Structures are given as C-alpha cells and as structure tokens.
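[1] Turn this into a structure:
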Amino acid sequence: MKLQNVLLVAVALMIPGTVWAYGDNSAAGSGTGMCKQVNFSEFSPINNSEVAPHSEFSFYASPSTYPKSIKVTIKGQSVPVTVIEKQGGYKVSGKLPDSVRGAFAKINIDARGVNQCEVSDGWLVKVTE
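    Residues are numbered from 1 along each chain as shown. Here you go, the predicted model:
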C-alpha cells in the first residue's frame with residue numbers, strides 16, 4: 001500500500017513539470033515559449049511619432065501568425081485592416097479612425113499563431129488636431 005502512495009506522489013509531481021516545460025503562452029507582446037514564433041515588427045509610423053488624423057499605419061506579422069485572426073483596435077474601437085502575404089509573413093495596414101484627434105493613441109494588435117497561441121502587441125502615436 002505504501003508503494004502505491006509513493007508512485008501516486010511521484011506521478012503527481014511530474015505532471016506540473018511537463019506543463020511548465022512549454023513556457024507561458026499568455027504573455028503580452030512578442031510571444032514566449034511555444035508562442036515565440038508569433039511576433040510583429042516594422043511598425044509604421046514609428047513609436048511615439050506625431051501623425052495627422054486618419055493617417056495610415058502598417059506592420060508586419062511573422063509567417064506563423066494566422067492571418068484571419070489579426071485584429072487591431074485603437075481606443076477600444078475596432079479598426080479595419082488589410083492583410084497581404086508578403087516577404088515570408090504578412091503586411092498589415094489600416095488607417096487611424098476619424099474620431100482619434102489631439103491625443104495619444106495606442107495601436108493594439110491581437111492575433112493567434114498557427115498553434116493557437118494568443119499574442120498581443122502594439123505601439124503609440126500622437127495624433128494632431
């Protein structure tokens with residue numbers, strides 16, 4: 001009977017180690033662990049730029065990003081984007097909403113990878129009047 005208890009404890013201790021071996025899939029920003037392959041780059045305009053209202057923006061998503069999952073929001077408002085396969089990944093582009101003027105606005109990106117990891121990122125722009 002004691003041997004069964006020891007085996008049960010040994011198995012229970014091994015399970016969390018197996019789960020932790022894959023990393024934290026809930027991290028924001030560029031992916032970590034199994035999600036490391038999902039990332040965003042080449043933000044335009046660059047971070048903290050001053051831009052006119054209704055300006056265009058763009059960024060690249062890595063090839064392991066599921067293109068239909070890419071969502072962009074600015075100040076809680078969903079922004080329509082165009083996703084084009086390009087340079088071994090995806091070029092994503094859109095325009096700032098008309099309602100964003102005279103304030104800083106974060107361009108928020110949410111997407112899933114082909115392995116279903118959810119990754120978030122974004123950058124800040126200052127929109128003139």
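
[2] now the strands: where do they sit in this structure?
    Taking DSSP state E as the criterion, the chain carries its strands at 40-44, 49-51, 56-61, 71-74, 77-79, 81-86, 89-95, 103-112, 118-127.

[3] Now render these as a markdown table, adding mean neighbour count.
    Glycine gets a C-beta too; all of them are placed from N, C-alpha and C. Converted to a markdown table, the strands of the chain look like this (neighbours: other CB atoms under 10 Å):
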| stretch | mean neighbour count |
| --- | --- |
| strand 40-44 | 16 |
| strand 49-51 | 14 |
| strand 56-61 | 19 |
| strand 71-74 | 18 |
| strand 77-79 | 13 |
| strand 81-86 | 12 |
| strand 89-95 | 17 |
| strand 103-112 | 18 |
| strand 118-127 | 19 |
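
[4] Make a markdown table out of these and add mean pLDDT.
    Putting these into a markdown table (pLDDT from 0 to 100) gives the following:
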| stretch | mean pLDDT |
| --- | --- |
| strand 40-44 | 96 |
| strand 49-51 | 97 |
| strand 56-61 | 97 |
| strand 71-74 | 97 |
| strand 77-79 | 96 |
| strand 81-86 | 96 |
| strand 89-95 | 97 |
| strand 103-112 | 96 |
| strand 118-127 | 96 |
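
[5] isn't Ala52 right up against Glu129?
    No - the pair Ala52 / Glu129 is not scored as a contact, 9.3 Å apart, by CB atoms under 8 Å.

[6] which of the two has more neighbours?
    It is Ala52, of Ala52 and Glu129, that has more neighbours when counted by other CB atoms under 10 Å, with 11 against 7.

[7] contacting residues for the more buried one?
    127-128 (CB atoms under 8 Å, 6 or more residues apart in numbering).
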